[in-house]
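**Q** kindly generate the corresponding structure for this input.
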Amino acid sequence: MTNRIEKGLESWHRQEARFASIFGKKGLQGRAFATIRLAEMRRLYKRVQPPRNLEERVSVKMLRSANRDLERQLYPGRMNRVARRILRAAGDFATRTLKWLVASPVGASDQRYLASRRQTQTERVTMTKTGVARKPNVVRMQPRQHQALDLGKQQSKGIRR
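**A** Below is the predicted model:
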């Protein structure tokens, strides 16, 4: 079975070599390229979840460790890293939610809701409220007949529904 992380890293190393030929070795040692590399490694990490076999599991752990080291190098402050992780998680959640909202078709129940909202907006002028309050319905049940105990004249008072 092929290791997806290995394939992704090979493709990244080819791109890195191409960038090195264009910008030189000095261009790859800067902070800007390190942030790009960290973002690509995170994408690769997300793409291979969940790992399929033992080899991929080991590769995922190594990739995660390398990502942490690169993150520590880029952002030395612990609180800075924690804040960035929280903001990234919130952004990912918002992106997933927006994609779901855009991609989900409007179902029949949603159409009924939207139609009822349109109808109430148009009929709002003609509707009048009445001041009569409804009383709760009280259902009287038959008293329980206890076979084991003869309670005589004691009866149940009923249950409100």
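
**Q** can we go C-alpha only for contacts and neighbour counts from here?
**A** Noted.

**Q** report the buried residues of stretch 53-66.
**A** Neighbour counts using 16 or more other C-alpha atoms under 10 Å place 56, 57, 59, 60, 63 of stretch 53-66 among the buried residues.

**Q** ok, then the element right after the host helix or strand of the second one?
**A** So that's residue 57. Assigning secondary structure by DSSP states H and E places residue 57 in helix 54-74. Moving toward the C-terminus from helix 54-74, the next helix or strand (DSSP H and E) is helix 78-103.

**Q** next, the angle from that following helix to helix 54-74.
**A** 120 degrees (axes from the mean of the first three to the mean of the last three C-alpha atoms, to 10 degrees).

**Q** so for helix 78-103, mean pLDDT?
**A** Confidence for helix 78-103, expressed as mean pLDDT, is 92.

**Q** what residues sit buried inside it?
**A** Across helix 78-103, burial judged by 16+ other C-alpha under 10 Å covers residue 81.

**Q** re earlier: with just CA atoms, put the helix holding residue 57 into CSV.
**A** Taking Å, rounded to 0.1, in the frame of the first residue of the first chain, the C-alpha atoms of helix 54-74 are listed here in CSV:
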residue,chain,number,x,y,z
LEU,A,54,0.9,1.5,10.5
GLU,A,55,3.4,3.1,8.1
GLU,A,56,1.1,6.1,7.6
ARG,A,57,0.5,6.3,11.4
VAL,A,58,4.2,6.6,12.0
SER,A,59,4.5,9.1,9.2
VAL,A,60,1.7,11.2,10.6
LYS,A,61,3.4,11.4,14.0
MET,A,62,6.6,12.4,12.4
LEU,A,63,4.9,15.1,10.3
ARG,A,64,3.0,16.4,13.3
SER,A,65,6.3,16.6,15.2
ALA,A,66,8.0,18.5,12.3
ASN,A,67,5.0,20.8,12.2
ARG,A,68,5.3,21.6,15.9
ASP,A,69,9.0,22.3,15.6
LEU,A,70,8.4,24.6,12.6
GLU,A,71,5.6,26.3,14.5
ARG,A,72,7.9,26.8,17.5
GLN,A,73,10.6,28.3,15.3
LEU,A,74,8.1,30.7,13.6
